[in-house]
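**Q** Please find the sequence and the predicted model below.
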Amino acid sequence: MRVALRDRFLTLVAVSGLFFAVTTAVEAEADGPDYFRVTGVAENDVLNIRGAPEAGAAKLGEIPWNGDGIRNLGCQGGLSFAEWEAATEAERKAAAQTRWCRVSYDGVEGWAAGWFLAEGSYPAGEAAGSGSPTSWRFGTVDGDPAVGETEISFGADGSISGTTGCNRFNGRGAMDDGALVIDGPLATTRMACPGEAMTMQEDRILAALQGRLSIAFDPFSQSLQLVNEDAGVTLRLDR
């Protein structure tokens, strides 16, 4: 097994040819790649997709024994990378039996047992590091769960676009010494937001997405954190 966290680079977002090159473990037990394949399931059997990360949860769908191109939406359980490095092989195998991953396959989204998943292939027509925009959703805004249907996409040409859950926005950005720099306020549509919570969320998102933002990637939750110290706003982006 190839396990060194330092030895593999997964380019998650590319803007201006440089955007967001992030080092992450994609083959250690404590982490996971962008896409999985099924492993350890008997031929002609299936891996169940469940409504919650537990064996007794409702079955939502199934993945064939040779399924591949299974989208990784984040895993929980098992060991952290530091714990994994210090663990014995027996401890690693035992911990793997507690790991569940949220996945998307053939239009069904739910939880699958992580011990039956291994690094897989990108679906046909989609390549790692391609020039197509890389999309995320806002997970939290200053620690508060985002409300509504949110999205932010980064294009290889430097374009940034998305929606706050209320209005759509677009602009341009570039990398500078490991930080994301967005030139000026983003252009937005002008619809009134339904409710105070949505209005406040939009104000904070738009305040954060201008100027200089520091970037941190959490390889275990597969989330990206953007911090605008001048605006005093922190955004967590989820895949």
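**A** Structure received.

**Q** Buried ones in the longest helix that the chain contains, by neighbour count?
**A** For the chain, the longest helix by residue count, based on DSSP state H, is helix 196-208. The neighbour-count check on helix 196-208 (16 or more other Cβ atoms under 10 Å) flags 198, 201-202, 204-206, 208 as buried. Backbone N, C-alpha and C define where each C-beta goes, glycine included.

**Q** the domain parsing of the protein - what is it?
**A** As given by automatic domain parsing, the domain ranges for the chain are 35-119, 134-238.

**Q** In TSV: these, plus mean pLDDT.
**A** TSV is the format used below for these (pLDDT from 0 to 100):
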stretch	mean pLDDT
domain 35-119	87
domain 134-238	89
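
**Q** Now do the helices in this structure.
**A** 81-86, 89-96, 196-208.

**Q** do you know which of those helices lies nearest Gln222?
**A** helix 81-86 (13.2 Å; Cβ to Cβ).

**Q** if we can go back for a sec, with respect to Asp218, which of the helices of the chain lies nearest?
**A** The closest of those to Asp218 is helix 81-86. By Cβ to Cβ, the value is 10.9 Å.

**Q** How about the contacts made by Ile182?
**A** 160, 171-173, 209-211, 213 (Cβ atoms under 8 Å, 6 or more residues apart in numbering).

**Q** mind checking how far it is from Asn72?
**A** Distance, Ile182 to Asn72, by Cβ to Cβ, to the nearest Å: 28 Å.

**Q** Ok, Phe138 next?
**A** Distance from Phe138 to Asn72, by Cβ to Cβ: 19 Å.

**Q** more crowded one of those two?
**A** Neighbour totals were compared for Phe138 and Asn72, and Phe138 leads with 26 against 23 (other Cβ atoms under 10 Å).

**Q** Quick check, the more buried one in contact with Arg239.
**A** No - contact criterion Cβ atoms under 8 Å: Phe138 and Arg239 do not qualify, at 11.9 Å.

**Q** So what sits opposite the residue lying closest to Val46 once chain neighbours are set aside in the bridge?
**A** Excluding the flanking residues, the one nearest Val46 by Cβ to Cβ, 6 or more residues apart in numbering is Glu62, at 4.0 Å. For Glu62, the beta-bridge partners are Asn48 (DSSP bridges).

**Q** what's near enough to touch Glu62?
**A** Counting by Cβ under 8 Å, 6+ apart, Glu62 touches 46-49.

**Q** how about the closest residue in space to Ile205 that isn't next to it in sequence, what does it touch?
**A** Distances taken as Cβ to Cβ, 6+ apart put Thr164 closest to Ile205, at 4.8 Å, once the chain neighbours are dropped. By Cβ under 8 Å, 6+ apart, Thr164 lies in contact with 138, 148, 150, 188, 198, 201-202, 205-206.
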